[in-house]
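**Student:** Here is my input; please provide its structure:
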Amino acid sequence: MHSTISEEVMRQALSTGEAAALLPEGTPGPVHYADQWWVIPRGHADYQPAEDAEAERLDQHAQRLIASVRATRNGGRS
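**Tutor:** As a prediction, this is how the structure comes out:
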């Protein structure tokens, strides 16, 4: 497994559907790729695997976003 991934390579993974961005803006931002979350820490140029606590928070955010989208599509019903 890579220890870092460049933003350019991550954009390519997003464009092919291999990766999924947490936010609609895409990169730079948290990205789920190869069964883990990747982030660009402040002051760094490349994506790095998120640490466990951060990955757990990102999972929670992703679940909330999915629930919100579903509720919107169902007219406010979950």
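**Student:** partner residues bridging the most centrally placed residue in the chain?
**Tutor:** Most central residue of the chain, judged by C-alpha distance to the mean C-alpha position with C-alpha atoms, centre = their mean, is Val31 at 2.4 Å. Following DSSP bridges, Val31 is listed with bridge partners Ala21, Trp38.
**Student:** Per-residue pLDDT of it, please?
**Tutor:** Per-residue confidence (pLDDT) for Val31: 96.
**Student:** For it, give me its contacts.
**Tutor:** Counting by C-beta atoms under 8 Å, 6 or more residues apart in numbering, Val31 makes contact with 10, 13-14, 19-22, 37-39, 47. Quick note: C-beta positions are derived from backbone N, CA and C, even for glycine.
**Student:** What separation do you get for it and Asn74?
**Tutor:** Per C-beta to C-beta, to the nearest Å, Val31 is found 27 Å from Asn74.
**Student:** what do you get for Pro41?
**Tutor:** 37 Å.
**Student:** Among the two, which residue is more densely surrounded?
**Tutor:** Pro41 (12 against 9; other C-beta atoms under 10 Å).
**Student:** How about the secondary structure of that one?
**Tutor:** coil (DSSP: H, G, I helix; E, B strand; the rest coil).
**Student:** Check which helices and strands the helix or strand hosting Gln12 sits against.
**Tutor:** Assigned by DSSP states H and E, Gln12 belongs to helix 7-16. Under the contact criterion of 3 or more C-beta pairs under 8 Å, 6 or more residues apart in numbering; DSSP states H and E, helix 7-16 touches strand 19-21, strand 31-33.
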